[in-house]
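Participant: this one's structure only:
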């Protein structure tokens, strides 16, 4: 083998080594949750997704955003484990409707979403999986805590009276205020239940 071929072979070996190291770095395990893992690649995907839904307008420091993404992924893993344990299911049509509404609120569409996936080499069901887990979790919390919701209707009526609006709008406002209070309580139950659930699993930062 002449010197030129030796040099080319050496360059090729170095290239493969560096590529392997880069891949290993991206797949480095960041967190383990019992027998499940969150890798650096998972965190980077979530960071890119967070930037996408915020239209890249976030001024948050990259390291802070990575910490936020890591916590989001931990919470999502726990929610997924819990909802699977309780065998919570979501109708496909309901999921599709929520996806459509979510993208509309973001003022984007499936074409922009697909372009984001391709550009960042992210699987094209990333948002779908996120929404499915969140919807299953919401359904679980409702099943577990809805009977414990106690809303003070007197306070709602008092608030309506203070606004001094016409009778026709009273009932619509009463329903909206009731739903808002209900959602506040469900969110509180959700946060508390998530914290309790976390204690059931061994979460290790590596």
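Facilitator: On my side now, so go ahead. Everything quoted here is computed from the prediction, not taken from an experiment.
Participant: how about the nearest residue to the most centrally placed residue in the chain, chain neighbours excluded?
Facilitator: Against the mean C-alpha coordinate of the chain, by Cα atoms, centre = their mean, the closest residue is residue 130 at 5.1 Å. Leaving aside its sequence neighbours, residue 130 sits nearest to residue 76 (Cβ to Cβ, 6 or more residues apart in numbering; 7.0 Å). (C-beta placed from N, C-alpha, C; glycine too.)
Participant: and the pLDDT at the residue nearest to the centre of the chain?
Facilitator: Residue 130 is assigned 97 on the pLDDT scale.
Participant: pretty sure it sits in a helix.
Facilitator: Yes. Counting by DSSP: H, G, I helix; E, B strand; the rest coil, residue 130 is found in a helix.
Participant: give me the longest helix you can find in this protein.
Facilitator: Counting residues, the longest helix found in the chain (DSSP state H) is helix 167-198.
Participant: now do the buried residues in that helix.
Facilitator: Neighbour-count burial for helix 167-198, counted by 16 or more other Cβ atoms under 10 Å, picks out 177, 181, 185, 186, 189, 190, 193, 194, 197.
Participant: likewise for stretch 68-84?
Facilitator: 68-70, 72-83.
Participant: same list (the buried residues of helix 167-198) but as JSON lines, adding pLDDT and distance to residue 33.
Facilitator: JSON lines is the format used below for those (pLDDT from 0 to 100; distance: Cβ to Cβ, whole Å):
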{"residue": "177", "pLDDT": "83", "distance to residue 33": "39"}
{"residue": "181", "pLDDT": "88", "distance to residue 33": "34"}
{"residue": "185", "pLDDT": "93", "distance to residue 33": "28"}
{"residue": "186", "pLDDT": "94", "distance to residue 33": "25"}
{"residue": "189", "pLDDT": "96", "distance to residue 33": "22"}
{"residue": "190", "pLDDT": "97", "distance to residue 33": "19"}
{"residue": "193", "pLDDT": "97", "distance to residue 33": "17"}
{"residue": "194", "pLDDT": "97", "distance to residue 33": "13"}
{"residue": "197", "pLDDT": "95", "distance to residue 33": "11"}
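Participant: for the residues you listed, which one is nearest residue 87?
Facilitator: residue 197 (15.9 Å; Cβ to Cβ).
Participant: give me the below-cutoff pLDDT ranges for this protein.
Facilitator: Scanning the chain for pLDDT under 70 picks out 1-26, 56-59, 163-169.
Participant: contacts only, for the closest residue to residue 86 other than its chain neighbours.
Facilitator: Nearest non-adjacent residue to residue 86, counting by Cβ to Cβ, 6+ apart: residue 140, 5.8 Å away. Applying Cβ atoms under 8 Å, 6 or more residues apart in numbering to residue 140 gives the contacts 82, 83, 86, 88.
Participant: can you redo the residues you listed as CSV with secondary structure and distance to residue 124?
Facilitator: Shown next, in CSV, are the contacts of residue 140 (DSSP: H, G, I helix; E, B strand; the rest coil; distance: Cβ to Cβ, whole Å):
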residue, secondary structure, distance to residue 124
82, helix, 26
83, helix, 22
86, coil, 28
88, coil, 24
